[in-house]
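Trainee: Got a sequence here, can you build the structure:
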Amino acid sequence: MKKALLLFVLMSLTLFTHAQENNYEELKFFKVIQSENNADKNSLYAALRSFMAIYYANSQNVIQMDDKDAGILIGKATSVFDSPSMMLSAYEGWLDYNLKLQARDGRVRVEVSHFFHHNKPGNQKKAQLGVLTKADEYTDKGMQKKYHNKVWLMLKEQAAKISSDIFVNVEKVIKEGATIQSEDDNW
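Mentor: Numbering: from 1, shown residues only. Coordinates of the predicted model:
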């Protein structure tokens, strides 16, 4: 009987370990942007610095690491999350994210990751959904699952929009930065 019970427990453990999917991987977006005129690392880094100054109201509070020699800028920023209805007002708060910009000769890599939702002080703690992952649903149980899952999808859409806006603006700054530098050299 003991052997049968032990065998059952071992078989159950193997089933449970394979039942989990890789949905708990953190939500992350990245893009490699090629420079049209094959600009060097220093000019691309300068363009990335100007992006940070233009895109964020107070770039000094956003930038966490600034390494000109390596061509890396790392920042931590926040976006406001407003609920579209009164039913979801407990979820109102902020969506924090990390931003990593790397410049190399001829290209730039932009990575937006570690999206974290936290709600306003005084709202329900259960309405703080935390780190966004690649999972399709936040939860499949509980009384609030309908609302959690609805807001989960809205947060993921907002994260995708934030990332897309950053990619577009970095491309724009790199294109303009390279053009401005070549025109300003002939003064």
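Trainee: right, and the helix or strand after the helix or strand bottoming out on mean pLDDT in the chain?
Mentor: Here the helix or strand of the chain ranked lowest by mean pLDDT, DSSP states H and E is helix 2-19, holding a mean of 56. For helix 2-19, the succeeding helix or strand toward the C-terminus, using DSSP states H and E, is strand 28-34.
Trainee: Run through this protein and note the low-pLDDT ranges.
Mentor: 1-23, 178-187 (pLDDT under 70).
Trainee: mind listing the helices for it?
Mentor: Remark: helices assigned in the chain by DSSP state H are 2-19, 41-55, 59-62, 145-184.
Trainee: middle-most residue in this structure, spatially?
Mentor: In the chain, the residue lying closest to the centroid (CA atoms, centre = their mean) is Ser113, at 3.0 Å.
Trainee: Now do the contacts for that residue.
Mentor: 26-30, 97-98, 100 (CB atoms under 8 Å, 6 or more residues apart in numbering). Every residue, glycine included, has its C-beta placed from N, CA and C.
Trainee: try 7 Å
Mentor: 26, 28, 97-98 (CB atoms under 7 Å, 6 or more residues apart in numbering).
Trainee: Pick out whichever of these sits closest to Ile74.
Mentor: Asn98 (7.1 Å; CB to CB).
Trainee: can you tell me how far that closest one sits from Lys146?
Mentor: Distance, Asn98 to Lys146, using CB to CB, to the nearest Å: 30 Å.
Trainee: Over to Phe29?
Mentor: 27 Å.
Trainee: repeat for Leu99
Mentor: 32 Å.
Trainee: cool, Lys31 as well?
Mentor: Lys31 is 34 Å from Lys146, by CB to CB.
Trainee: How about Glu111?
Mentor: Counting by CB to CB - Glu111 and Lys146 are separated by 33 Å.
Trainee: Out of the two, name the residue with the larger neighbour count.
Mentor: Between Glu111 and Lys146, counted using other CB atoms under 10 Å, Glu111 has the larger neighbour count: 18 against 11.
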